[in-house]
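Novice: Can you look at this prediction? I've put the sequence above it.
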Amino acid sequence: MNSKQKEDEEQRRRWGARTWSTLAAVRSRSPLIQCITNFVSMDLVANTLLSAGASPAMLHSIEELPDFTPNADALCINVGTLSAAWLPAMKFAAELALKAGKPWVLDPVAAGASKFRMMACLELMQLKPTVVRGNGSEIIALSKASTESSMGVDSSHESTDAVEAAKSLAQNSGAIVAVSGAVDIVTDGKQVIGAHNGVAMMQKITATGCSVTALIAAFLAVDQLHALETTASALSIFGIAGEMGMDAAKGPASLRTHLIDSLYGLDEAAVISRVKIASL
Amino acid sequence: MNSKQKEDEEQRRRWGARTWSTLAAVRSRSPLIQCITNFVSMDLVANTLLSAGASPAMLHSIEELPDFTPNADALCINVGTLSAAWLPAMKFAAELALKAGKPWVLDPVAAGASKFRMMACLELMQLKPTVVRGNGSEIIALSKASTESSMGVDSSHESTDAVEAAKSLAQNSGAIVAVSGAVDIVTDGKQVIGAHNGVAMMQKITATGCSVTALIAAFLAVDQLHALETTASALSIFGIAGEMGMDAAKGPASLRTHLIDSLYGLDEAAVISRVKIASL
Amino acid sequence: MNSKQKEDEEQRRRWGARTWSTLAAVRSRSPLIQCITNFVSMDLVANTLLSAGASPAMLHSIEELPDFTPNADALCINVGTLSAAWLPAMKFAAELALKAGKPWVLDPVAAGASKFRMMACLELMQLKPTVVRGNGSEIIALSKASTESSMGVDSSHESTDAVEAAKSLAQNSGAIVAVSGAVDIVTDGKQVIGAHNGVAMMQKITATGCSVTALIAAFLAVDQLHALETTASALSIFGIAGEMGMDAAKGPASLRTHLIDSLYGLDEAAVISRVKIASL
């Protein structure tokens, strides 16, 4: 083993230990995660959080937010089945989380699908999400629109590369930006970290993206100070659960079942040996 | 076998026979159960009812209630994802069920999460649910708020014990009150019955509570006269399905699958031998 | 093999080849299917579409429709959890699809449950769905109401036979009408085709009807010109997935899992050998 290999091995071990430690903290503290998420995803998001050891609460009424949101440990907002009726509560919950110093995560599902949706995402970005997680096309669309709306010096820059778009969005917004893909990447605008876990078939299960966003919120609830690293850990854990679930899966539906079972049963040895996170 | 043992054995046999008989009636009559329930639970609630032999109908529009609710055999109202937009329909449906003499069941999910939610639950309690089912903290919160709002003689009584809270709530409201927990308990304010079936992992599956509430509604639809006993039977049946599902489960997601399969396949021998209901 | 048997065998082979070809086109083109569907079904509908190779989009906000619907390849509208708040978007989306020349499919869930619901279905029928799919009682109710509201020459005709009702509805509306049952039937008002795949237990899984309606939309997205045949193919494919899933199923919940896995894994040999479609 040469010095480069030693360093890589050391880095791998640190990421494994950090990731396990965060999952263990979620299990022991069982943070309360408020989710204002789309109708399609509510079941899987709740079961993902429960299997990870967190306590999900799907609560979206504007009347309840002042009583509830400040007591939640983190907030997850997902615009999947956005409507004019739900948007004010999304914004108000984000404001309350921000004011209470609680982490909150935005999932800008299909951000580019309509002007209304993009405007909603931009308004939510103004409320300083701790983390934004989307797929490549969502982050590219959001980054481009953010740059345009900010009229900033980079306004002529229209990246079609997800990593560059993520970095630009992180710089403009102050949020950690995560992009799901063959390799998940996370950036604060300077550093870029890659999380290499997961299997392709997870994309054939609806709401896996929404679910990992909620898992990021749960991880942030127990370690808000290192949002960049914690986000990478959450992406890796969900990917590992998918990899282990894939061993017994015969298609997307059985993978969904085994993924959740695996997430529930993950032990330290599996996490340490499987985490594949590295600076890019 | 001494006389105490004989009596216990006799009681056990009576509960087994009664419980099987009610499940068999659900299967043969296939009662129509209207559910106004939260978004997270709709899928599992519908599948629980179908697997038990009932006919679920998720219908919540206030415009439709006068035509529909009086024809349903029972109504289940669950405030999980409560909103100001849905509350009037919940109340109107409860009124219609009450007027039509149909049983209706309330699931006061997270009753204490906000003042708005507690007020909604108290308003629904005024509409005389046949049964209220919640977990310990929900029933304690609701019982305390009911007592306070009633300005009754017990207003200084603030029980933190779920059984005492359930009895107090039952006495004040006239409803049968069920509390899910390690042992499920059911009370009419005087008698207390314990249902000892189920497995702990069911709490790691979202909407299992909502689903057993809906199952109680289905059981009441075929035997409204003995609401106390029928509620205990429904809790026991759901618990048995969980126990049998646990044999093949590798985690919460496979338990969910096996629980529903087991509920569908339950036969008389399994019910008779497994029912664990007893007066406390 | 006599000449009748040869003809049947030839017909069977043509249907197998056509059905496989349409599924293969869905997989290769991955059409974008907008679904405005009920809350109960969103999860299974999305997973059915993903497993078939299509791209689901659950998007129902009226503000988003002008930007989004014209870009979708097909639209599926399901009135299961209908509300006054959602109806305008359903109608507007149907108008946009019609105007853009995109196929759209209506699932008139529980059409006869209330006057409000029937009026909504009739209004949607005015917007010329490509296909309407329901169970027997839904199609009978809708056909009867359509005839009455049209004040047509057949207004005295009140069929209680699903095939006759379907033919009448197809003639009055211009839509292809599909009726799910022990044998699924499809008609354009003249021809009647039967699709004989599927297993009875599929009716014990919530949202299987909604899911096959969405699958019809996905099939139409790649072959709008032969809507009658394409609808029969979609019904057959979903039934085959159920048959293959049934081999490993122990109840409705495991059938649901295996059905989706089977749909994802279907190969040409299985489709060709299993398709049972025939003119009636």
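Specialist: Perfect, I can see it now.

Novice: how about the helix or strand harbouring A:M119 as CSV, C-alpha atoms only?
Specialist: Under the criterion of DSSP states H and E, A:M119 resides in helix A:115-125. The C-alpha coordinates for helix A:115-125 follow below in CSV (Å, rounded to 0.1, in the frame of the first residue of the first chain):
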residue,chain,number,x,y,z
LYS,A,115,-43.2,29.0,-14.4
PHE,A,116,-45.4,28.8,-11.3
ARG,A,117,-43.3,25.9,-9.9
MET,A,118,-40.1,27.6,-10.6
MET,A,119,-41.3,30.8,-9.0
ALA,A,120,-42.3,28.8,-5.9
CYS,A,121,-38.9,27.1,-5.8
LEU,A,122,-37.1,30.5,-6.1
GLU,A,123,-39.3,31.9,-3.3
LEU,A,124,-38.4,28.9,-1.1
MET,A,125,-34.7,29.4,-1.9
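
Novice: gap between it and the chain center?
Specialist: On the basis of C-alpha atoms, centre = their mean, to the nearest Å, helix A:115-125 sits 18 Å off its chain's mean C-alpha point.

Novice: Which SSE is immediately downstream of that helix?
Specialist: strand A:131-135.

Novice: same for that next one, what does it pack against?
Specialist: The contact analysis (3 or more C-beta pairs under 8 Å, 6 or more residues apart in numbering or on different chains; DSSP states H and E) places strand A:131-135 against strand A:104-107, helix A:136-150, strand A:176-180, helix A:208-222, helix A:227-246. Where you see a C-beta, it was placed from the backbone N, CA and C, and this is true even at glycine.

Novice: I'd like those as a markdown table, with distance to chain C and mean pLDDT appended.
Specialist: Listed next are the helices and strands packed on strand A:131-135 as a markdown table, based on distance: least, C-beta to the nearest C-beta, whole Å; pLDDT from 0 to 100:
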| stretch | distance to chain C | mean pLDDT |
| --- | --- | --- |
| strand A:104-107 | 14 | 98 |
| helix A:136-150 | 12 | 89 |
| strand A:176-180 | 16 | 98 |
| helix A:208-222 | 10 | 98 |
| helix A:227-246 | 13 | 98 |
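
Novice: Return the angle between stretch directions for the helix holding A:M119 and helix A:136-150.
Specialist: Compare the direction of helix A:115-125 with that of helix A:136-150 by axes from the mean of the first three to the mean of the last three C-alpha atoms, to 10 degrees and you get 70 degrees.

Novice: sorry, back to before: deepest-packed of the helices and strands packed on strand A:131-135, please.
Specialist: Of all these, strand A:104-107 has the most neighbours on average by mean count of other C-beta atoms under 10 Å in any protein chain shown, namely a mean of 30.

Novice: hmm, who's touching that one?
Specialist: By C-beta atoms under 8 Å, 6 or more residues apart in numbering or on different chains, the residues outside strand A:104-107 that reach it are A:37, A:74-80, A:93-94, A:97-98, A:121, A:124-125, A:127, A:129-134, A:175, A:209-210, A:213-214, A:216-217, A:220.

Novice: if we can go back for a sec, mind listing what's buried in the helix holding A:M119?
Specialist: Applying a neighbour-count criterion of 16 or more other C-beta atoms under 10 Å in any protein chain shown, one finds A:116-118, A:120-122, A:124-125 buried in helix A:115-125.

Novice: any idea of the mean pLDDT for it?
Specialist: Averaged across helix A:115-125, the pLDDT comes to 98.

Novice: Show me what that helix is packed up against.
Specialist: By 3+ C-beta pairs under 8 Å, 6+ apart, helix A:115-125 packs against helix A:87-99, strand A:104-107, helix A:136-150.

Novice: what's the angle from it to helix A:87-99?
Specialist: 20 degrees.

Novice: Can you give the contact residues for helix A:115-125?
Specialist: Helix A:115-125 is contacted by residues A:77, A:79, A:82, A:84, A:87, A:90-91, A:94, A:106, A:108, A:110-112, A:132, A:141-142, A:145-146, A:149, A:173, A:175, C:61, C:63-64, C:67 when judged by C-beta under 8 Å, 6+ apart.

Novice: Those residues, buried ones only, as a PyMOL selection?
Specialist: Entered in PyMOL, the line below selects the buried ones among the contacts of helix A:115-125, by 16+ other C-beta under 10 Å:
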select buried, (chain A and resi 77+79+82+87+90+91+94+106+108+110+111+112+132+141+142+145+146+173+175) or (chain C and resi 61+63+64+67)
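
Novice: how deep is the residue of the stretch 101-250 of chain A found nearest chain B tucked in, by neighbour count?
Specialist: For the stretch 101-250 of chain A and chain B, the shortest gap (C-beta to the nearest C-beta) falls at A:A248, measuring 8.4 Å. Residues near A:A248, counting by other C-beta atoms under 10 Å in any protein chain shown, number 14.

Novice: ok, now the one 10 residues further on?
Specialist: Counted with other C-beta under 10 Å, residues neighbouring A:H258 total 23.

Novice: so how far is chain B from it?
Specialist: 7 Å (C-beta to the nearest C-beta, to the nearest Å).

Novice: so that residue touches A:E243, yeah?
Specialist: No. A:H258 sits out of contact with A:E243 when judged by C-beta atoms under 8 Å, with a separation of 10.3 Å.

Novice: wait, isn't A:A25 in contact with A:L220?
Specialist: No. A:A25 lies out of contact with A:L220 (C-beta under 8 Å); the separation is 11.1 Å.

Novice: before we move on, the earlier item: per-residue pLDDT, the residue of the stretch 101-250 of chain A closest to chain B?
Specialist: A:A248 is given a pLDDT of 95.

Novice: host element of it?
Specialist: Using DSSP H and E, no element contains A:A248; it sits outside every helix and strand.

Novice: Once you drop chain neighbours, what's closest to it?
Specialist: Computed as C-beta to C-beta, 6 or more residues apart in numbering or on different chains, the closest residue to A:A248 that is not its neighbour in sequence is A:H258, at 4.8 Å.

Novice: interface residues of chain A facing chain B?
Specialist: Contact residues, chain A versus chain B (C-beta under 8 Å from any C-beta of the partner chain): A:39, A:42-43, A:46-47, A:50-51, A:56-64, A:66-68, A:85, A:256-265.

Novice: And the residue nearest to A:S273 when sequence neighbours are not counted, how far from chain C?
Specialist: Closest residue to A:S273 apart from its sequence neighbours, by C-beta to C-beta, 6+ apart: A:G16 at 7.3 Å. Look at A:G16 and chain C: by C-beta to the nearest C-beta, they are 32 Å apart.

Novice: Doesn't A:G16 lie inside a helix?
Specialist: Yes. Looking at A:G16 with DSSP: H, G, I helix; E, B strand; the rest coil, it is inside a helix.

Novice: how much space is there between it and A:N38?
Specialist: Separation of A:G16 from A:N38 (C-beta to C-beta, to the nearest Å) stands at 33 Å.
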